[in-house]
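Participant: coords please:
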Amino acid sequence: MAFIRSLFVYTALILGANSTLAAANSTDHLQALKQGDMKKLVLHETPKEISERAFLTQGADEGRLSDFAGQYVLLNFWATWCAPCRKEMPSLSALQTQLGDARFKVVTIATGRNAPKAMQAFFDALEIKNLPLYRDPKQKLAKNMAVLGLPMTLLISPEGKEVARLRGEADWASAPAQALLRAWIQPTN
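Facilitator: I've put the predicted structure just below:
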């Protein structure tokens, strides 16, 4: 009898853990918060796998998106020649200042031919000091992540899954963007 009771309790715990994980991966609660630029955000019904292709860090070491496991990540692909990227980057910096912490991070990766000096000049001109100067010089990561056009911004869950993406520029420091991101980072499930 004790064995059957233990089996029942164990099964209930497993099912409860699976439903909790499914709720954490759900983005249903974000649909109503899609206002302003966030109307362009495409929320995936099922989270998507992310690429394990390497990118280059500021020190030219290899980095991977899995390095951010356990964190909510707003991943932005950009380029020095991209006018919408230039317009959007200050709002990404403001977002990092306002929401960035141990749980949430804005990660920027320049894709394509972007010389490190040109990237630094781009950030200097916009007075960006709190975002990483990562790069994907041969666009291997961007291609593997189906980045078609710039800027492209992806939301990556702590479990390492892409849960949404926004094509084109957005004001990430706006009230609608921050409300949506706060709800994503701190779901009320």
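
Participant: Which residue is the nearest non-sequential neighbour of the spatially most central residue of the chain?
Facilitator: The centroid of the chain falls nearest to L74 when counting by C-alpha atoms, centre = their mean (2.6 Å). On the basis of C-beta to C-beta, 6 or more residues apart in numbering, the spatially nearest residue to L74 that is not a chain neighbour turns out to be V106, at 4.9 Å. Bear in mind the C-beta positions are built from the backbone N, C-alpha and C, glycine included.

Participant: Next: A69.
Facilitator: Using C-beta to C-beta, 6+ apart, the nearest residue to A69 is G160, at 5.5 Å.

Participant: List phi and psi for the one you found.
Facilitator: G160 adopts backbone torsions of phi 80, psi 40, taken as degrees, to the nearest 10.

Participant: did I read that right, P84 in a strand?
Facilitator: No: the assignment for P84 is helix, going by DSSP: H, G, I helix; E, B strand; the rest coil, so no strand is present there.

Participant: begin at 569 from here
Facilitator: Right, with 569 as the first residue, what we last looked at is P652.

Participant: Could you verify my assumption that it touches M720?
Facilitator: No: with contacts defined as C-beta atoms under 8 Å, P652 does not count as touching M720, sitting 10.4 Å away.

Participant: hang on, the earlier thing: so what's the residue nearest to A637 up against?
Facilitator: The contact partners of G728, taken as C-beta atoms under 8 Å, 6 or more residues apart in numbering, are I618, L633, S634, F636, A637.

Participant: Could you let me know which of these ends up closest to F691?
Facilitator: Using C-beta to C-beta, F636 is the member of these that lies nearest F691, at 20.2 Å.

Participant: Tell me the confidence at Q754?
Facilitator: Looking at Q754, its pLDDT is 89.

Participant: So what's the residue count around it?
Facilitator: The local packing count at Q754 equals 10, with neighbours defined by other C-beta atoms under 10 Å.

Participant: what about T614, how many residues close to it?
Facilitator: By other C-beta under 10 Å, the burial measure for T614, its neighbour count, is 8.

Participant: Follow the chain on from the helix or strand where it lies and name the next helix or strand.
Facilitator: Taking DSSP states H and E as the criterion, the element that holds T614 is strand 610-617. Past strand 610-617, heading to the C-terminal end, the next element that is a helix or strand (DSSP H and E) is strand 623-624.

Participant: re the thing from before, mind giving me the ChimeraX select for the contacts of G728, buried ones only?
Facilitator: A single ChimeraX command selects the buried members of those (16 or more other C-beta atoms under 10 Å):
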select :618,633,636
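
Participant: And the contacts of G728, which is closest to Q754?
Facilitator: Using C-beta to C-beta, F636 is the member of these that sits closest to Q754, with 18.0 Å.

Participant: Which of the residues in stretch 624-636 are classified as buried?
Facilitator: Of all the residues in stretch 624-636, those buried under the rule 16+ other C-beta under 10 Å are L624, G631, L633, F636.

Participant: my bad, should have said stretch 744-757
Facilitator: Of the residues in stretch 744-757, those scored as buried under the neighbour-count criterion (16+ other C-beta under 10 Å) are P744, A745, Q746, L748, L749, W752, I753.
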